[in-house]
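**Student:** Show me the folded form of this:
(chains A and B)
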Amino acid sequence: MILDSTPITLLMLLFGISAFIIILLLPALLELKRPRDAGPRIIMEDVIVTQGFQARGITLIASIEQEKLGSDQTVVRKIADIIAVLPNLEA
Amino acid sequence: MIAYLVRHYVFTMTVLKSAQRRKSAITVVNTTYKPIVSILIPARNEEKVIARTLKRMTELTYPKDKLQIIIIDDVSTDNTGKIAEQYLKTYNNIKIVHRNELEGGRGKASALNAGFKHAKGEIILCFDADYYPQKDIIEKLVKEFDDPKVGAVQGRVTVLNEPQNIVTRLVALERTGGYCIDQQARNSLGLITQFGGTVGGFRRELWESLGGWDESILAEDTDLTFRVYLAGYRVRYVNDAECYEEAVESWRAYWKQRYRWAKGHMQCFFKHWLKVLRSSNLSFREKIDGLLLLTVYFVPVFVLFSWILGVPLFFLHPQHWIGVFWIFVPVSLYSFVGNFAPFFEVGVGAHLDGRTRAQWLIPLLVLTFLYSIPICTKALADLLIAKISGKNDNYWERTFHSGNGNCYIMS
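**Tutor:** Numbers count the residues shown, from 1 in each chain, chains lettered A, B, ... in the order given. Now for the predicted structure:
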């Protein structure tokens, strides 16, 4: 069984498992470090969202009016994505 | 383990298949059915969030003459009562029930029972003090009661302070899987849909016939769910009736909340499992699902037991028949993450919500699964000790709300 293996085999197994875990967790760590979709999920039409842009000196006020836009909350998300890649002009 | 594996995969596939149909579905609402509704909001030291919630209650689109809002100020030592009093002056459909130290501070079920005495509505809805619902949520929930078989309804909960930290983000993912997939599937398949104690409600006459909330149970919502089903009624889940909540923000708070859920759920198991098996009001599928629901918090304890038994066997290699039980180790390692089925639920739920990037956090749910093992083990140990010693320690540890979610709402 595993315990009967040579030390090199055990080391390689340990290295392989560690590498697997790191690769598995890499996307999660990236999203935590640089969140692109930190939420919250928008669930209502009348809420004005200032979604985490205050730290970058950008105040985004997006009012969703479902009847006028004729779309769902993904519209604000798209706007937010565009704003997110703009440079911080106040920096 | 296999039962939960199959259950979760069936749930996930059910919702996936129905998702496409739902996009083009038109909801028919009986606009003539507008019963009087009473909303109960139990609050204890919620000064950081109660104002936001009460303001929202005044913005609900349900006819004001048919809506009663009752705030139960449960021995608050902060400004919760004073904040609520401000709204009392302006809105005549708001009522406040102040509880003193002699009668209050004994948990949510006790507070709700106290509030119910003042309720006039035909339908009783409950919202926690940190909740922020859609404006038309009352209409969405109440319309289900047009069906006489429906005894209770449950809406969807979404985390408001999701961006706060890793804990809130993981809780948000759990909510996605739990509501968008799990509840939705159980509703579609005619299984046991759970009333979650908030963003939902029940018929007044049913509640009275059941004798109100059981104050000896920490999970009063699960208890009510099973009592509703055992009485021959059903709980309906309404996915588009959504409400924001403030999730726990630390691992310590997560422990306290899940400990209460686990212990309460286990109390419900001991109270209801035999009734569920014997009930003539439940179908065979409902009985199976009901038992799986009642035992879900025992699974982490079983995983721990498997490790304790399997690891020594794995290394000792005993020669006789017990040696085969080393297989507990790999099986329980696979199972401690719920056979990966909850990951599918969360992943598909996030996909249906259009949250592709949030799916990247799914591997981190392993942390919550690991954390649930000592939580559930302690809950079971405390429960068994209480049963043996005869001392019922049902201390209700309320979840602290910081109001950090307020910045995401400006209306």
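
**Student:** Relative to residue B:233, how far out is residue B:148?
**Tutor:** Using C-beta to C-beta, to the nearest Å, one obtains 9 Å as the distance from residue B:148 to residue B:233. Backbone N, C-alpha and C define where each C-beta goes, glycine included.

**Student:** Mean pLDDT per helix and strand in chain B: which one sits at the bottom?
**Tutor:** Using mean pLDDT, DSSP states H and E, the weakest-scoring helix or strand in chain B turns out to be helix B:328-335, at a mean of 58.

**Student:** Please save the CA atoms from the next helix or strand after that helix in PDB.
**Tutor:** Counting by DSSP states H and E, the next helix or strand C-terminal to helix B:328-335 is helix B:341-352. C-alpha atoms of helix B:341-352 as PDB (Å, rounded to 0.1, in the frame of the first residue of the first chain):
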ATOM      1  CA  ALA B 341     -23.400  17.300  -5.100                       C
ATOM      2  CA  PRO B 342     -23.800  20.600  -3.100                       C
ATOM      3  CA  PHE B 343     -21.000  22.000  -5.300                       C
ATOM      4  CA  PHE B 344     -23.200  21.200  -8.300                       C
ATOM      5  CA  GLU B 345     -26.100  22.800  -6.700                       C
ATOM      6  CA  VAL B 346     -24.200  26.000  -5.900                       C
ATOM      7  CA  GLY B 347     -22.500  26.000  -9.400                       C
ATOM      8  CA  VAL B 348     -25.700  25.600 -11.300                       C
ATOM      9  CA  GLY B 349     -27.500  28.100  -9.000                       C
ATOM     10  CA  ALA B 350     -24.800  30.700  -9.700                       C
ATOM     11  CA  HIS B 351     -24.900  29.900 -13.400                       C
ATOM     12  CA  LEU B 352     -28.700  30.500 -13.500                       C
END
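
**Student:** quick one: contacts of helix B:341-352?
**Tutor:** Helix B:341-352 is contacted by residues B:4-5, B:7-9, B:11-12, B:15-16, B:19, B:173-174, B:176-182, B:337, B:356, B:358-359, B:362, B:365 when judged by C-beta atoms under 8 Å, 6 or more residues apart in numbering or on different chains.

**Student:** now, which of these lie close to chain A?
**Tutor:** When contact is defined as C-beta under 8 Å from any C-beta of the partner chain, the contacts of helix B:341-352 meet chain A at B:356, B:358, B:362.

**Student:** Give me the neighbour count for residue B:132.
**Tutor:** Other residues lying near residue B:132 total 26 when counted by other C-beta atoms under 10 Å in any protein chain shown.

**Student:** any idea of the pLDDT on the closest residue in space to it that isn't next to it in sequence?
**Tutor:** Spatial nearest neighbour of residue B:132, excluding adjacent residues (C-beta to C-beta, 6 or more residues apart in numbering or on different chains): residue B:244 at 4.1 Å. We have a pLDDT of 94 for residue B:244.

**Student:** quick one, which of residue B:148 and residue B:233 is more surrounded?
**Tutor:** Between residue B:148 and residue B:233, counted using other C-beta under 10 Å, the more crowded position is residue B:233 (20 against 8).

**Student:** The residue lying closest to that one once chain neighbours are set aside: how many residues sit nearby?
**Tutor:** Distances taken as C-beta to C-beta, 6+ apart place residue B:151 nearest to residue B:233, at 2.8 Å, with adjacent residues excluded. Using other C-beta under 10 Å, residue B:151 has 26 other residues around it.

**Student:** quick one, what contacts residue B:151?
**Tutor:** Residues near residue B:151 by C-beta under 8 Å, 6+ apart: B:202-203, B:206, B:228, B:231, B:233-235.

**Student:** 10 Å instead, please
**Tutor:** The neighbours of residue B:151, taking C-beta atoms under 10 Å, 6 or more residues apart in numbering or on different chains as the test, are B:145, B:195, B:202-203, B:205-207, B:209-210, B:224-225, B:227-229, B:231-236.

**Student:** before we move on, what about residue B:219?
**Tutor:** Going by C-beta under 10 Å, 6+ apart, residue B:219 touches B:108-109, B:194, B:196-197, B:225, B:260-269, B:297.

**Student:** redo that, cut-off 8 Å
**Tutor:** Shown in contact with residue B:219 (C-beta under 8 Å, 6+ apart): B:197, B:260-261, B:263-265, B:267-268.

**Student:** quick one: which of those residues is nearest residue A:22?
**Tutor:** For the contacts of residue B:219, the residue nearest residue A:22 by C-beta to C-beta is residue B:261; the value is 32.3 Å.

**Student:** was I right about the closest one contacting residue B:268?
**Tutor:** No. Counting by C-beta atoms under 8 Å, residue B:261 does not reach residue B:268; the two are 10.5 Å apart.

**Student:** More neighbours: those two, which one.
**Tutor:** Using other C-beta under 10 Å, the more surrounded residue of residue B:261 and residue B:268 is residue B:268, with 25 against 19.

**Student:** ok, and the more buried one, which helix or strand is that part of?
**Tutor:** Under the criterion DSSP H and E, the helix or strand holding residue B:268 is helix B:251-278.

**Student:** again with residue B:68
**Tutor:** Residue B:68 belongs to strand B:67-74, assigned by DSSP H and E.

**Student:** Paired strands for that strand, with orientation please.
**Tutor:** strand B:37-43 (parallel), strand B:94-99 (parallel) (DSSP bridges).

**Student:** most packed of these?
**Tutor:** Neighbour counts (mean count of other C-beta atoms under 10 Å in any protein chain shown) averaged over each of the strands paired with strand B:67-74 peak at strand B:37-43, with a mean of 26.

**Student:** So for the next helix or strand after that strand, what gets flagged as buried?
**Tutor:** Toward the C-terminus, strand B:37-43 is succeeded by helix B:50-58 as the next helix or strand (DSSP H and E). For helix B:50-58, the neighbour count (16 or more other C-beta atoms under 10 Å in any protein chain shown) marks B:50-54, B:56-57 as buried.

**Student:** what do you get for stretch B:286-306?
**Tutor:** Going by neighbour count (16+ other C-beta under 10 Å), the buried part of stretch B:286-306 is B:286-304, B:306.
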